[in-house]
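Participant: below are the sequence and a predicted model for it; my questions follow.
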Amino acid sequence: MDHPRYATFVRPARPGALVLLLHGGRSDALEPPPRWNLPGLRMRPFARAVARSCAAERPVVARVRYRHRGWNGERADAARDAAVALEALVEELGDVPVVLVGHSMGGRAALRVGGHPQVRGVVGLAPWCPAGEPVAHLAGRGLVLLHDESDRMTDPRGTWSLASRARAAGARACGVVLAGSDHAMLRRAGDWHALTAAVTRGLLDPAAMPPKVAAALDPPAGSPATLLTPRDVLSGAPAPAPAGGVGGGRGREA
């Protein structure tokens, strides 16, 4: 389905959930993303991995279409566009659970709009988490934030700090530390895809959450956010649900 604010990758005949992907961008840029936008294209394998893993939940898998390439300071254009796309989709789909999956600038946007009442959780992929980002609205949500320790585009220390602050504000939050990757998630790409698919499924269906992630999301009160390794997550992840009956098409890239 074509829509000015989102592109649809997968649309089952009877949708039971929504996974909304938010790609990266720039700190400041008012021009629109090009048609063949590399950060947008990078989300395609994530869409496929999530659709396979979450087949039993029958999610619509869609991607936000940004009007501008950048965040642009107080304008927070990516967050505004995410909010509009989310509202349009939930108006159409009804009362379905939602998981937001955002990379870099898209991770910041996903966290900003994660307080929507239908959002179960946010998966942040090397998210841009400057000091002072709001977290109170994330109370009750599950946050799983993935970051490579050597990332020089976005600071993993900011990610772990936000996870701990969000926990203190009532969110269920943990981190997953990757090593030997990069900000674009090209090195160890398979791990990025598998981790995202596993925790997205777990946020939609708590019974499917890998056990060590489930434990990390609910540590003792007052403790900082737990940091896991990919092995911690993937060694206990349930097998993907059968994909029978799930259909849909890819949206046109903006």
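Facilitator: Good, I have the coordinates. Numbers count the residues shown, from 1 in each chain.

Participant: quick one: low-confidence ranges for the stretch 101-250 of the chain?
Facilitator: 239-250 (pLDDT under 70).

Participant: all helices of it, in order?
Facilitator: Secondary structure of the stretch 101-250 of the chain (DSSP state H, counting those that start in this stretch): helices at 105-112, 156-168, 189-204, 211-217, 230-234.

Participant: any chance of TSV for those helices, columns distance to P134?
Facilitator: Any C-beta I mention is one placed from the backbone N, CA and C, and that applies to glycine too. Listed next are the helices of the stretch 101-250 of the chain as TSV, based on distance: least, CB to CB, whole Å:
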stretch	distance to P134
helix 105-112	7
helix 156-168	10
helix 189-204	21
helix 211-217	20
helix 230-234	27
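
Participant: so which of those helices is the most surrounded?
Facilitator: helix 105-112 (a mean of 28; mean count of other CB atoms under 10 Å).

Participant: between helix 156-168 and that helix, find me the angle.
Facilitator: 10 degrees (axes from the mean of the first three to the mean of the last three CA atoms, to 10 degrees).

Participant: how about the strands of this protein, start to end?
Facilitator: 6-10, 17-22, 59-64, 98-103, 119-125, 142-148, 172-178, 226-228 (DSSP state E).

Participant: adding mean neighbour count, write these out as a markdown table.
Facilitator: Listed next are the strands of the chain as a markdown table, based on neighbours: other CB atoms under 10 Å:
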| stretch | mean neighbour count |
| --- | --- |
| strand 6-10 | 22 |
| strand 17-22 | 28 |
| strand 59-64 | 28 |
| strand 98-103 | 30 |
| strand 119-125 | 28 |
| strand 142-148 | 27 |
| strand 172-178 | 24 |
| strand 226-228 | 19 |
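
Participant: a markdown table for these, including distance to E91?
Facilitator: A markdown table is the format used below for these (distance: least, CB to CB, whole Å):
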| stretch | distance to E91 |
| --- | --- |
| strand 6-10 | 12 |
| strand 17-22 | 11 |
| strand 59-64 | 13 |
| strand 98-103 | 12 |
| strand 119-125 | 15 |
| strand 142-148 | 24 |
| strand 172-178 | 27 |
| strand 226-228 | 36 |
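
Participant: wait, which of these is closest to R35?
Facilitator: Among these, the nearest to R35 by CB to CB is strand 6-10 (11.4 Å).

Participant: make sure A110 is actually in contact with V19.
Facilitator: No. Taking CB atoms under 8 Å as the definition, A110 is not a contact partner of V19, at 11.1 Å.

Participant: list residues touching both of these two?
Facilitator: Shared contacts of A110 and V19 (CB atoms under 8 Å, 6 or more residues apart in numbering): 100-101.

Participant: nearest spatial neighbour of D151, skipping sequence neighbours?
Facilitator: H183 (5.0 Å; CB to CB, 6 or more residues apart in numbering).
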